[in-house]
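Engineer: For reference, the sequence and a predicted model appear below.
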Amino acid sequence: SEVIDTLHGRGPEHILNLCLAADSQMLEQANKRKNEESALTTVKRVLDTVQAIDKLQERVKYQHGNDELIGNPELFTKAKLIIEVKAKQAGYIQTLEAKTLGIVSMKLGGGRQTKDDVIDHSVGIILNKKVGDQCKVGEVLAYIHANNEVSDELINELYGAYKIVDFFVEKPILIDEILV
């Protein structure tokens, strides 16, 4: 539903900014707009209308997916359990280990360990705190969405993905360089 929210112009700021930058670059490189400013204006206008949602719905339908979900994200299958993983210490998020997050998500059923494993699209991890964010003891770092009981061991693996330090950490640059 983050994607759907973003296409409505109300998604997480970092995803919205990434989409604006990537889409405007594509328009400019395809010679559909003469400069970055013109391309960015076009992308923003498309997000202000329902054109982006309509295009996503069309692509999902073309790939034989359930395009009704795009207009009705509440129909997505929801996990039975949502577990808050709260900070045990105060500070700033210095790093987040992507591989660990992926392994935890896989163990929840959101990925495959073997090619025969079935993916459960309702499970996973929603990160509430990311690199550069300040956290206080007891604040939610992440939400685990699961359909089975989650072991303390798995929760500790998720904690292990976070490195929290007691000094200020700048948020990373979203787009460092654009290669054309």
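Structural biologist: Done, it's in.
Engineer: nearest spatial neighbour of the residue of the chain most remote from its centre, skipping sequence neighbours?
Structural biologist: Distance from the centre of the chain peaks at K34, with 30.9 Å (C-alpha atoms, centre = their mean). Counting by C-beta to C-beta, 6 or more residues apart in numbering, the nearest residue to K34 once its immediate chain neighbours are dropped is E28, at 7.8 Å. C-betas here are computed from N, CA, C, even on glycine.
Engineer: Am I right that the one you found falls within a strand?
Structural biologist: No. With DSSP: H, G, I helix; E, B strand; the rest coil as the criterion, E28 is located in helix rather than a strand.
Engineer: Any idea how far apart the tips of stretch 119-134 sit?
Structural biologist: End-to-end distance of stretch 119-134 (C-alpha to C-alpha, to the nearest Å): 33 Å.
Engineer: Then stretch 99-110?
Structural biologist: 14 Å.
Engineer: Which positions within that stretch qualify as buried?
Structural biologist: L101, I103, V104, S105, M106, K107, L108, G109, G110 (16 or more other C-beta atoms under 10 Å).
Engineer: quick one: contacts for the residue lying closest to A98 once chain neighbours are set aside?
Structural biologist: Taking C-beta to C-beta, 6+ apart, and ignoring the residues beside it in sequence, A98 has A161 as its nearest neighbour in space, at 8.0 Å. Counting by C-beta atoms under 8 Å, 6 or more residues apart in numbering, A161 touches L96, E97, A98, T100, L101, V104.
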